[in-house]
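>>> this one's structure only:
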């Protein structure tokens, strides 16, 4: 019998060797992902948004398809692209131009839903500290849904893993330089940058992005070192102040929080006007959400006490226009999932959104090419599969839009 050195010992690495291997693997993977990006988004490695059929455009605007045809024949507004079979299509920019055109001639009804000066910018934090809860998928689709409705949207990636950034066409470790995440606008050490200089346009008209990358993790180490300072150490209003500097340009901001209850997440919860908590309807996920809720409540209470003690005024108004739970990756034929959702509805009642986001091969397949379901064509999938998935996403978005309008006092 061989009594030599055990396999694990013979294969062990020194600390330096492990560091080298990890670094090499990370660099190799980054280069391969960049190569894939060039293949997917040739020739410039940049994402572009598909055009929309005249039927889709009419539905987004809220008019009949025949009315768009009449406008086109009369030479009014942007002219559609004519494809095979005399099919008409519009870009999202053209759709927004049509909205502006209709607004100019409308009496009462508004086709561009921009907020007025009396309506506050809606800041929606999408949060949970359980990985796999569908947080980024929900945030990305919600941001794009709002942009498709004609709102001016700012998506903020607060997660060091930066999946929201990658979904919008940027490779975080290659495209995002130092101080070009929200960290550059909220950090304690060095010179902070105005958030307006960090914001990037996306290929999605009406949707801007504050990208993320691994540097966001620096804030989690930096903030506690400055907590002993009464003024410089406050963390709870830094994200809120950064967002306030650009809020006049937007109707809604979507914050994709990291899967941890750290300083960035707490700052986002203090900056938010509304909170959306994602949950995968399985018992372990619900148990994790329970811990998240209890910890968040305790920590936010500490923040509120600190605000009152320091006499800083109502900078942090820990009141939300709405708080909702979004059920994600839901499988309607799964008995335990249905039981879990029923439990949540019994406990939380109207705070659970009526429309769960379905687990769908269409959403998963779109994600393989770093796309959302709004970016792919219905013809790329079995129509029933696509229709079920898009209906669940749009129903979720519609519920949130209704809550926004109610917060603004709109009918």
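Structure received. Keep in mind it's a predicted model, so treat the numbers as computed, not measured.
>>> pLDDT below threshold where in the stretch 251-400 of the chain?
Within the stretch 251-400 of the chain, the stretches with pLDDT under 70 are 308-317.
>>> which residues in it form helices?
For the stretch 251-400 of the chain, the helices defined by DSSP state H, counting those that start in this stretch cover 263-271, 283-310, 335-348, 361-368, 383-408.
>>> okay, now residue 391: neighbour count?
12 (other Cβ atoms under 10 Å). Glycine gets a C-beta too; all of them are placed from N, C-alpha and C.
>>> residue boundaries of the strands in this protein?
52-53, 81-82, 88-90, 122-127, 153-157, 200-201, 207-210, 252-256, 274-279, 322-327 (DSSP state E).
>>> Show me the one of those strands that comes nearest residue 137.
strand 274-279 (8.4 Å; Cβ to Cβ).
>>> tell me the pLDDT at the residue nearest the centre of the chain?
Nearest to the mean C-alpha position of the chain, counting by Cα atoms, centre = their mean, stands residue 139 at 2.7 Å. Note on residue 139: pLDDT of 96.
>>> How about residue 19?
58.
>>> Mind putting the strands of the chain into JSON lines with distance to residue 409 and mean neighbour count?
Output for these, formatted as JSON lines (distance: least, Cβ to Cβ, whole Å; neighbours: other Cβ atoms under 10 Å):
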{"stretch": "strand 52-53", "distance to residue 409": "31", "mean neighbour count": "20"}
{"stretch": "strand 81-82", "distance to residue 409": "39", "mean neighbour count": "12"}
{"stretch": "strand 88-90", "distance to residue 409": "32", "mean neighbour count": "21"}
{"stretch": "strand 122-127", "distance to residue 409": "13", "mean neighbour count": "26"}
{"stretch": "strand 153-157", "distance to residue 409": "21", "mean neighbour count": "28"}
{"stretch": "strand 200-201", "distance to residue 409": "31", "mean neighbour count": "12"}
{"stretch": "strand 207-210", "distance to residue 409": "25", "mean neighbour count": "24"}
{"stretch": "strand 252-256", "distance to residue 409": "16", "mean neighbour count": "27"}
{"stretch": "strand 274-279", "distance to residue 409": "15", "mean neighbour count": "23"}
{"stretch": "strand 322-327", "distance to residue 409": "14", "mean neighbour count": "21"}
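>>> Mind putting those into CSV with distance to residue 75?
Shown next, in CSV, are the strands of the chain (distance: least, Cβ to Cβ, whole Å):
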stretch, distance to residue 75
strand 52-53, 21
strand 81-82, 14
strand 88-90, 14
strand 122-127, 37
strand 153-157, 31
strand 200-201, 30
strand 207-210, 30
strand 252-256, 34
strand 274-279, 43
strand 322-327, 44
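>>> which stretch among those comes nearest residue 144?
Nearest of these (Cβ to Cβ): strand 207-210, 6.4 Å.
>>> on that earlier part again, so which of the helices of the stretch 251-400 of the chain is nearest residue 100?
Comparing the helices of the stretch 251-400 of the chain by Cβ to Cβ, helix 383-408 comes nearest, at 19.6 Å.
>>> Pull out the buried positions in the closest one.
Neighbour-count burial for helix 383-408 flags 385-386, 389-390, 392-394, 396-397, 399-401, 403-404, 407-408 (criterion: 16 or more other Cβ atoms under 10 Å).
>>> now swap in stretch 329-349 and tell me
329-330, 337, 340-341, 344.
>>> per the record, what domains does this structure have?
With domains defined by automatic domain parsing, the chain comprises 52-105, 122-408.
>>> hey, which of the ones you listed is tucked in deepest?
Of all the domains of the chain, domain 122-408 carries the top mean neighbour count, a mean of 19, counting by mean count of other Cβ atoms under 10 Å.
>>> what sits against residue 84?
Going by Cβ atoms under 8 Å, 6 or more residues apart in numbering, residue 84 touches no other residue.
>>> from memory residue 394 sits against residue 145, does it?
Yes: Residue 394 lies in contact with residue 145 (Cβ atoms under 8 Å); the separation is 6.6 Å.
>>> how about the helices of the stretch 51-200 of the chain, start to end?
54-61, 65-73, 92-105, 135-148, 163-167, 172-175, 183-186, 195-198.
>>> so what secondary structure elements neighbour the fourth one?
The criterion is 3 or more Cβ pairs under 8 Å, 6 or more residues apart in numbering; DSSP states H and E, and the helices and strands that helix 135-148 contacts are strand 122-127, strand 153-157, helix 163-167, strand 207-210, strand 252-256, strand 274-279, helix 383-408.
>>> to the chain's geometric centre, what's the distance from the third one?
By that I understand helix 163-167. Centre-to-centre, helix 163-167 and its host chain are 9 Å apart (Cα atoms, centre = their mean, to the nearest Å).
>>> and which of the buried residues of stretch 329-349 is nearest residue 118?
residue 344 (35.0 Å).
>>> Could I get the contacting residues of the closest one?
Contacts of residue 344 by Cβ under 8 Å, 6+ apart are 279, 281, 286, 325, 327, 352.
>>> How about residue 160?
Per Cβ under 8 Å, 6+ apart, neighbours of residue 160: 212-217, 258.
>>> Among those, which lie within helices?
Among the contacts of residue 160, the members found in helices (DSSP state H) are 216-217.
>>> Against residue 406, how distant is the closest residue to residue 407 other than its chain neighbours?
Ranked by Cβ to Cβ, 6 or more residues apart in numbering and with sequence neighbours excluded, the top spatial neighbour of residue 407 is residue 321, at 3.7 Å. Distance, residue 321 to residue 406, by Cβ to Cβ, to the nearest Å: 8 Å.
>>> same thing with residue 67?
29 Å.
>>> can you check residue 57 too?
From residue 57 over to residue 406 (counting by Cβ to Cβ), the distance is 27 Å.
>>> circling back: got CSV for the contacts of residue 160, with distance to residue 242 too?
Shown next, in CSV, are the contacts of residue 160 (distance: Cβ to Cβ, whole Å):
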residue, distance to residue 242
212, 14
213, 17
214, 19
215, 15
216, 13
217, 18
258, 16
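>>> Which of the contacts of residue 160 sits closest to residue 374?
residue 212 (20.7 Å).
>>> and that closest one, what does it touch?
Taking Cβ under 8 Å, 6+ apart, we find residue 212 in contact with 157-162, 164-165, 172, 176, 181-182, 256.
>>> would you list those residues in TSV and tack on distance to residue 299?
Below are those laid out as TSV (distance: Cβ to Cβ, whole Å):
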residue	distance to residue 299
157	22
158	16
159	19
160	20
161	22
162	24
164	24
165	26
172	28
176	29
181	23
182	20
256	20
